[in-house]
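Chemist: Let's see this in three dimensions:
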Amino acid sequence: MEPVVSSQARMPSSPVSIPRHVVQQRFRPPKANVPQTSAERSRVLQAVRHYLAEYNPVPPLPMEQLKEHADRVVGLLQCAPIYRDYIGVLLNNEMWRETLASVPFDRRLLLLPKCLRVEEKCPAPFDEFGLLCKQCGLCSIQDLQNEAEKLGYAVLVAEGSAIVMSLISTGKIDAIVGVSCLSVLERAFPYMEAAAIPGVAIPLLQDDCINTTVDLDWVWDYIHLSSDDRTRRLDLGALREEVDFWFSPVSLDVILGNAEGDTERIARQWLMRAGKRWRPFLAVAAFQALRADAGEPLPDDLKKIAVAVECFHKASLIHDDIEDNDATRYGEKTLHEEHGVPVALNVGDLLIGEGYRLIGSCKATAEQKAQMLLAAAQGQRQLCRGQGAELCWTRRPAPLTSLQVLDIFRQKTAPAFEVALRLGALYAGVEQHEGVSATLKTYSEALGIAYQIRDDLSDLGSQGESNDILGLRPSLVLAAAYEKAQDAPKALLESVWRRALPAGVTGGQIEALCLELQADHRARTLLETYKEEAIRSLRDLENPNLKGLLRRIIGRIFNDTEIKGWCKEFEPKNAATAVPAAG
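Modeler: Model (predicted):
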């Protein structure tokens, strides 16, 4: 393909209109030359996209002009100047994104840094082109290289502009996806600019030059970016906001009809309560990926499908809170604490009925509705079996292995994700659903387990909402601690499993013991394993829209990686240039 030639760059003559809510959010004081939270990084990306949409500079831009644009975004965001280089990377990536999507995979180069390896254990040798991976599985290089090569990429595990330029000069490389630290990216930039080669960069996530890590979701996104995926431009944040609006009072009255009586009013209030609403979002996302009329407005009946999914979920939470005797949910009283057990049970039953009513009343074909109702019923049956396994355990409590706890997660949490995806796919069409049915099952299972592990970890500590360790319920962290403990600590943890905590021993002490045994580290390892399993389940999926969208959703749900810094050589520079964040 012919490289894009830059026009004479000019700076905006009038202020760029970045939405007020983006500008008014506050940054934490800078600790490194990137934002420290996923929310802040998302805010920067949103601002970069607004800026580029209004000004539309043409790549490739010389480094000095790119820095000028980055400085303007820094000013618009009122953030610390230390973030300029990071913003510059995002600007460059977003300018090249659509060009990269149009380049065939077999005309792309994936450039990985050797510092991703576990240096003290890595058995791979080097040649003049870089690291020769031995597929030992100790680091992420193996998975990234295998997936990229399967797509057709050329892959190098090396650092150095000479190697990259020699490949570019062959005329076989039309785009580069590079993983590196900011200092290396800055040195390589002039060579890519000179060759007018589209290039996107993913910065490393650590402040050391050995045994580093990278945001794998970000790398997967760029590796698989393709113009065949019609959903690649879909704003997932805006889509989530739209779905969330469907649970406002006025919108629910339109979708469900006016509430009649106190029971329906209580049910609506429960539907409107806080929650991430991932399940209705998944249903809408699956429909968007598989629909034949891409680009058309969302049909009204899709709102019924999405609300039905949330009805099933919120009903399960009501019943679960009663069964676990939990007093709070979303930082407020649970429904049975507020209205009593009989009323709460009845509201939960009503919501289940509402879910089936909504599916049955939508304007789909008879076959579509039959399959949607069957999928919902099968999911509810599986969820009850998982909850039943936990309830039966409470009658005869005993230690559970990590695998047994994960199996409970598989039955309790995964079905709701699978139902959501299946309903969205079926509403798009029975044939469309049949082509992706097996993948949806495998993906949902891995996603559900990972999601529940993440909840287990987020509930640790006094700020956790429904800490299973403190509540003496099956917990992956508790299982991992029990498997690792010996002697007296093991006996103490066994008493917890048997729900017979010794007098004078507090739940906080048990949690501290679990952390001392590094059971939370084991849980985090399993979390990453199941996230990767969800991504791997998409490998053989032929539909590029669904494949791309489901992969990005993993990043959206689990994007909580905290970036701590960059190479050690930059730490003095960061300390010298850091200024308090404005605003």
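
Chemist: For Val157, give me phi and psi.
Modeler: phi -110, psi 90 (degrees, to the nearest 10).

Chemist: So what's the predicted local confidence for it?
Modeler: For Val157, the pLDDT comes out at 81.

Chemist: hang on, Arg94 packs against Ala53?
Modeler: Wrong residue type there; residue 94 is Glu, not Arg. No - at 9.4 Å, Glu94 does not count as touching Ala53 under the criterion of C-beta atoms under 8 Å. Just so you know, the C-beta spots here come from the backbone N, C-alpha and C atoms, and that holds for glycine as well.

Chemist: More neighbours: these two, which one.
Modeler: Shown here are Glu94 and Ala53; by other C-beta atoms under 10 Å, Glu94 has more neighbours (17 against 11).

Chemist: ok now the helix or strand that the more buried one is a member of, how far from the chain's centre?
Modeler: Taking DSSP states H and E as the criterion, Glu94 maps to helix 84-102. Chain-centre distance of helix 84-102: 21 Å, with C-alpha atoms, centre = their mean, to the nearest Å.

Chemist: following that helix, which helix or strand comes up?
Modeler: Following helix 84-102 in sequence order, the next helix or strand is strand 108-112 (DSSP H and E).

Chemist: Alpha carbons only: can I get that next one in CSV?
Modeler: The C-alpha trace of strand 108-112 is given here as CSV (Å, rounded to 0.1, in the frame of the first residue of the first chain):
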residue,chain,number,x,y,z
ARG,A,108,2.2,-6.0,9.6
LEU,A,109,5.1,-6.3,12.1
LEU,A,110,4.6,-7.0,15.8
LEU,A,111,7.6,-5.7,17.7
LEU,A,112,7.9,-7.0,21.3
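
Chemist: elements contacting the host helix or strand of Pro342?
Modeler: Assessed by DSSP H and E, Pro342 sits inside helix 341-361. Using 3 or more C-beta pairs under 8 Å, 6 or more residues apart in numbering; DSSP states H and E as the contact test, the elements touching helix 341-361 are helix 249-256, helix 261-272, helix 300-324, helix 335-339, helix 366-395.

Chemist: what about the last one, average pLDDT?
Modeler: The reference is to helix 366-395. For helix 366-395, mean pLDDT is 93.

Chemist: oh, and call the first residue 6 from now on, that's how I've got it
Modeler: With 6 as the first residue, the last one maps to helix 371-400.

Chemist: Please name every helix or strand in contact with that helix.
Modeler: Partner elements for helix 371-400 (3+ C-beta pairs under 8 Å, 6+ apart): helix 305-329, helix 346-366, helix 407-417, helix 419-433, helix 435-463.

Chemist: Nearest to Phe110, out of those?
Modeler: For the helices and strands packed on helix 371-400, the distance to Phe110 is smallest for helix 435-463, at 20.3 Å, taking C-beta to C-beta.

Chemist: distance between that closest one and the chain's centre?
Modeler: 13 Å.

Chemist: Next, the angle from that helix to helix 407-417.
Modeler: Interaxial angle of helix 435-463 relative to helix 407-417 (axes from the mean of the first three to the mean of the last three C-alpha atoms, to 10 degrees): 130 degrees.

Chemist: quick revisit: please identify the most buried of the helices and strands packed on helix 346-366.
Modeler: The highest average neighbour count among the helices and strands packed on helix 346-366, using mean count of other C-beta atoms under 10 Å, belongs to helix 305-329 at a mean of 22.

Chemist: For that helix, name the packing helices and strands.
Modeler: Partner elements for helix 305-329 (3+ C-beta pairs under 8 Å, 6+ apart): helix 254-261, helix 266-277, helix 283-295, helix 340-344, helix 346-366, helix 371-400, helix 419-433.

Chemist: So what's the gap between the helix or strand just after that helix and the chain middle?
Modeler: Where DSSP H and E defines the elements, the next helix or strand beyond helix 305-329 is strand 333-334. On the basis of C-alpha atoms, centre = their mean, strand 333-334 sits 25 Å off its chain's mean C-alpha point.

Chemist: Within the sheet, what are the partner strands of strand 333-334, with directions?
Modeler: Sheet pairing for strand 333-334, assigned by DSSP bridges, gives strand 337-338 (antiparallel).

Chemist: which residues make contact with stretch 153-160 from outside it?
Modeler: By C-beta atoms under 8 Å, 6 or more residues apart in numbering, the residues outside stretch 153-160 that reach it are 109-111, 113-115, 117, 149-150, 172, 177-178, 182, 228-229, 544.

Chemist: pLDDT averaged over the helix or strand containing Gln147 - what is it?
Modeler: For Gln147, the host element (DSSP H and E) is helix 146-156. What helix 146-156 shows for mean pLDDT is 84.

Chemist: List the buried residues in it.
Modeler: Using 16 or more other C-beta atoms under 10 Å as the test for burial, helix 146-156 gives Ile146, Gln147, Asp148, Leu149, Gln150, Glu152, Ala153, Leu156.

Chemist: The closest residue to the fifth one other than its chain neighbours: what secondary structure?
Modeler: Nearest residue to Gln150 in three dimensions, chain neighbours excluded: Val160, at 4.9 Å (C-beta to C-beta, 6 or more residues apart in numbering). Under DSSP: H, G, I helix; E, B strand; the rest coil, the three-state class of Val160 is strand.
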